[in-house]
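Asks: 3D, please:
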Amino acid sequence: MIQNASVSFFDLQFQRQVAAGEHALNPFERAALAHLKGKLLDYGCGLGNLALEAARRGQSVLALDASSAAIAYLREAADKESLPLKALEADLRTFELTEDFDSVVCIGLLMFFDCPTAHAQLQALQARVRPGGVLVLNVLTQGTTYMDMFSPQGHCLFAPEELRDSFRSWEIVSLTRDEFAAPANTTKVFATVIARKPAQGGDA
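Replies: Presented below is the predicted three-dimensional model:
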């Protein structure tokens, strides 16, 4: 797999987190957890803290990430607890899903792709949610000024209303905006949507 600057950035971050024993769920993961059920896809799982917690609660989990450090840690952690969790290293810019899920989580990933790729993968994720299932999506939006983690290969800051528009045929359970201070007086602005697919199907 071709490493890009974003993957390298997070590989190092995940290695530091493992060494420091930092495994708490972040605020977005905590918000997602209550809405998850059944067979789960964690697309861009990072260290897999959410995937592990969902598996501990009895969900069957497929966790995917481009970071070899993260996937190695997650496999070891899942094996130690004999959890129903499969972790795979994958280039998520081009990964093609072949199965459907009751719940899909994609937290802090799509903004690291160029916009055409980000939009295409969002549509692919929506298509793999079973009718009545839930998709949790979190991205950085326009207004973000912290750019250190982005690769020269491209990134995509979503427009403020883009997530609502992308789920216009779904039931939007929650749509939130969060702003955080970042290094060197910069800012991260996140949008998070929790949406339920219509029981009779229906993509965006």
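Asks: quick one: least confident helix or strand in this structure?
Replies: helix 5-20 (a mean of 55; mean pLDDT, DSSP states H and E).
Asks: what does the next helix or strand after it contact?
Replies: Downstream of helix 5-20, the first helix or strand assigned by DSSP states H and E is helix 27-33. Helix 27-33 has contacts (Cβ atoms under 8 Å, 6 or more residues apart in numbering) with 25, 49-50, 53-54, 105, 107-108, 136, 138, 174, 176, 178, 190, 192, 194. All C-beta atoms are positioned from the backbone trio N, CA, C, and that covers glycine.
Asks: How far off centre is helix 27-33?
Replies: In terms of Cα atoms, centre = their mean, to the nearest Å, the centre of helix 27-33 is set 11 Å apart from its chain centre.
Asks: model confidence over it, on average?
Replies: Mean pLDDT, helix 27-33: 92.
Asks: Send over it as PDB, restricted to the C-alpha atoms.
Replies: Output of helix 27-33 as PDB, limited to C-alpha atoms (Å, rounded to 0.1, in the frame of the first residue of the first chain):
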ATOM      1  CA  PRO A  27     -16.600  12.300  22.100                       C
ATOM      2  CA  PHE A  28     -17.800  11.300  18.700                       C
ATOM      3  CA  GLU A  29     -17.300   7.600  19.400                       C
ATOM      4  CA  ARG A  30     -19.200   7.900  22.700                       C
ATOM      5  CA  ALA A  31     -22.100   9.600  20.800                       C
ATOM      6  CA  ALA A  32     -22.200   6.900  18.200                       C
ATOM      7  CA  LEU A  33     -22.100   3.900  20.500                       C
END
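Asks: Perfect, I'm done here.
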